[in-house]
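Engineer: Sharing a model that was predicted from the sequence below.
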Amino acid sequence: MSDAVSPLAPESFPDMPPLAGVAISTHAGGLRYRGRKDLFLAILAEGTSVAGVFTQTLCPSAPVDWCRSILNDGDGTARAVVCNSGNANAFTGQAGADAASLTAQLIGDQLGFDSRRIYLASTGVIGEPLDEQSLRHELPKLVDGIAVSGVEAWRAAADAIRTTDTFSKGAWSSIDGAAAHVVGIAKGSGMIAPDMATMLGFIFTDLPVEPDLLQECLSSAVRKSFNRITVDSDTSTSDTVLLFATGEQIDDDLNDRHDARFPAFQAALDSVCLDLAQQIVRDGEGATKFVEVTVTGAASDDAATVIAKAIGDSPLVKTALAAEDANWGRIVMAVGKAGQAAERDKLAIWIGPEQVSADGMVLDSYSEDRATVHLTGDEVVVKVDVGVGDGESTIWTCDLTHGYIDINAGYRS
C-alpha cells in the first residue's frame, strides 16, 4: 500500500449508504502488515443469496477453491465473508487448505454459523502459509469489532483489503423504483487482467434476489466490467468477485428476468461493477494515463475484445502512451499480433479525435501534433476499425511507467 496516491484517483471516497442486512468489522491482525488493518469481515442476514465469479488461472488460491466448493455444493446462501490482505494463501499446499478451513471454522464458531456458509478471500504475497496461531488469536478480535455498515465502515473495509493500492475503492447505486441499493468495494492495482488481478470485489444489495438469477446478473456484469480491464496482462491466483443479496429492504423476491425490477437491478449492478473496475485501472501500478481502447469492425464482439486487449496489454503501446508519443505503428503491430481477423488495407486508427489512417494508409490530413496534444492529458482514447465485420468492444487500461518496475521490484520488501 503506497503513501503516494495515484494521480488518476477519484477526488474522494464515495458517500456510501448503510445496507440493511450487512454488518462490518475490520482489524489490524498483523498477518503480514504492521500498523494497519488487514482483516475484513461482513456478517450477512439469514437467507442472504450469494453469487461468485473467480479467476480462471490453473493455480488458484486456497480461498478460491473454498468458495467454489461451497458455492457449488451449498444452497446459494451465505452468512459472512472474510478477507485478509498481505498474504494470498496461494501455492501453499495442504497448509493453505487447512488455513482456509480454519478461518471459516473460527468465524463460524464465534458467530454460530455453519462454516460452509462463510466465504473467504485472501490477497498478497504468493507461497507463504498463513500462521495458524495468528489466525486463532486475531480472528476472534475481528468478530468483536462488528458494527453496522455505513460510509465509515465501508471506507475502513475498502482500506483493509488493499495491498499495493494507493486509494480505497468504493461505489454504489440506487436501484430505480425499488427503494434498494447496490454497494461495492474492491481492491486491485497490479497483476490485473481478470479472466473470470490481484483483484477482489465484494458487492452487496438489499434487494432479495434468487441465487440462480443473482449468478446470471453477476456473470453478465463482470463480462462488461472486470473482464474488460487490464493493467499488466497478468491474471492473479486470487481474483474473486462475490455478490450478496440480503433481501432485508423488500420482502418480494426477484426471481424472474420478466420482473419489472430486473432491468433496474442489472443496470445498478453494471454501474457499480464498471465504476470499481475503472477505479482499479486508475490505480494501476505507476499509472499516469487512464486509457480507453475501442475496436470496431471485428468479426465478432469477442474478437474485438481480444484485439482491444492486445493493444491495451502491449508494453510498446503502453510505454509510448506514457511518453506521450503518437507512435501509431505500435497500434498496428498490436492489431496484427492479436490472432483475430483484420483487414490491413481497411485499417482505420484514431488517437483521441484525430484520425490517423483510413484504408490501411496514413491520411494526408493527419496531424501528429494534434494527436500528441491529446496524449498529454491523463485521459486517453484510442479507436481502431479492423474492417471485417460488425463486432465491437471497449476495454480500459493504463500506461506503463518506471513506477510499475519500482513497485514490483520491491513488492516483498
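Structural biologist: Here it is on my side, so go on. Numbers count the residues shown, from 1 in each chain.

Engineer: Now that residue 200 has come up, it's in contact with residue 237, right?
Structural biologist: No - here residue 200 lies out of contact with residue 237, judged by CB atoms under 8 Å, at a distance of 11.8 Å. Using the backbone N, CA and C atoms, a C-beta is placed for each residue, glycine as well.

Engineer: So between the two, which is more surrounded?
Structural biologist: residue 200 (27 against 23; other CB atoms under 10 Å).

Engineer: Quick check, pLDDT for the more buried one.
Structural biologist: For residue 200, the pLDDT comes out at 95.

Engineer: what sits opposite it in the beta ladder?
Structural biologist: Taking DSSP bridges as the rule, residue 200 bridges to residue 187, residue 240.

Engineer: what sits against it?
Structural biologist: For residue 200, the contacting residues are 83, 121, 123, 161, 186-188, 238-241, by CB atoms under 8 Å, 6 or more residues apart in numbering.

Engineer: let's go with 6 Å and repeat that
Structural biologist: 121, 123, 161, 187, 240 (CB atoms under 6 Å, 6 or more residues apart in numbering).

Engineer: just residue 155 next, same as before
Structural biologist: Counting by CB under 6 Å, 6+ apart, residue 155 touches 13, 168.

Engineer: and this protein, what are its domains?
Structural biologist: Following automatic domain parsing, the chain resolves into domains at 22-282, 290-409.

Engineer: Now tabulate these in TSV and tack on distance to residue 8.
Structural biologist: Output for these, formatted as TSV (distance: least, CB to CB, whole Å):
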stretch	distance to residue 8
domain 22-282	4
domain 290-409	5
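
Engineer: Mean pLDDT lowest where, among these?
Structural biologist: domain 22-282 (a mean of 92).

Engineer: Start and end of that one, how far apart?
Structural biologist: 28 Å (CA to CA, to the nearest Å).

Engineer: circling back: what is the nearest of the contacts of residue 200 to residue 364?
Structural biologist: Closest approach to residue 364 among these (CB to CB): residue 187, at 47.8 Å.

Engineer: Any figure for the gap between the closest one and residue 407?
Structural biologist: Taking CB to CB, to the nearest Å as the measure, residue 187 falls 15 Å from residue 407.

Engineer: Give the next helix or strand downstream of the helix or strand harbouring residue 26.
Structural biologist: Following DSSP states H and E, one finds residue 26 within strand 22-27. Downstream of strand 22-27, the first helix or strand assigned by DSSP H and E is strand 39-54.

Engineer: Partner strands of that following strand, with direction?
Structural biologist: Counting by DSSP bridges, strand 39-54 is paired with strand 22-27 (antiparallel), strand 77-87 (antiparallel), strand 240-245 (antiparallel).

Engineer: related to what we said a few turns ago, quick one, which of residue 187 and residue 407 is more surrounded?
Structural biologist: The neighbour count for residue 187 versus residue 407, taken as other CB under 10 Å, is higher for residue 187 (29 against 17).

Engineer: what about the closest residue to residue 17 other than its chain neighbours, which helix or strand?
Structural biologist: Leaving aside its chain neighbours, residue 17 sits nearest to residue 181 (5.9 Å; criterion: CB to CB, 6 or more residues apart in numbering). Using DSSP H and E, residue 181 falls within strand 180-187.

Engineer: tell me the angle that strand makes with strand 39-54.
Structural biologist: 100 degrees (axes from the mean of the first three to the mean of the last three CA atoms, to 10 degrees).

Engineer: List the contacts of strand 180-187.
Structural biologist: 16-17, 19, 157-158, 161-162, 165, 169-174, 200-207, 249, 268-269, 272, 276.

Engineer: Narrow the residues you listed to those that are buried.
Structural biologist: 16, 19, 157-158, 161-162, 165, 169-173, 200-207, 249, 268-269, 272, 276 (16 or more other CB atoms under 10 Å).

Engineer: Wait, residue 154 touches residue 170, no?
Structural biologist: Yes - counting by CB atoms under 6 Å, residue 154 does reach residue 170; the two are 5.5 Å apart.

Engineer: Quick check: neighbours shared by the two?
Structural biologist: Common neighbours of residue 154 and residue 170 (CB under 6 Å, 6+ apart) are residue 16.

Engineer: Hmm, residue 18 is touching residue 150, no?
Structural biologist: Yes - under the criterion of CB under 6 Å, residue 18 makes contact with residue 150 at 4.4 Å.

Engineer: where along the stretch 201-350 of the chain do the strands fall?
Structural biologist: Ranges of strands within the stretch 201-350 of the chain are 240-245, 290-298, 348-351, based on DSSP state E, counting those that start in this stretch.

Engineer: hmm, back to that, would you mind finding the most buried of the strands paired with strand 39-54?
Structural biologist: strand 240-245 (a mean of 29; mean count of other CB atoms under 10 Å).

Engineer: so how far is that strand from its chain's centroid?
Structural biologist: 11 Å (CA atoms, centre = their mean, to the nearest Å).

Engineer: For it, C-alpha coordinates in CSV please.
Structural biologist: Written as CSV, here are the backbone C-alpha positions of strand 240-245 (Å, rounded to 0.1, in the frame of the first residue of the first chain):
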residue,chain,number,x,y,z
THR,A,240,-12.7,-13.1,-6.8
VAL,A,241,-15.9,-11.1,-7.2
LEU,A,242,-18.7,-12.0,-4.7
LEU,A,243,-22.2,-10.6,-4.8
PHE,A,244,-24.6,-10.9,-1.8
ALA,A,245,-28.3,-10.1,-1.8
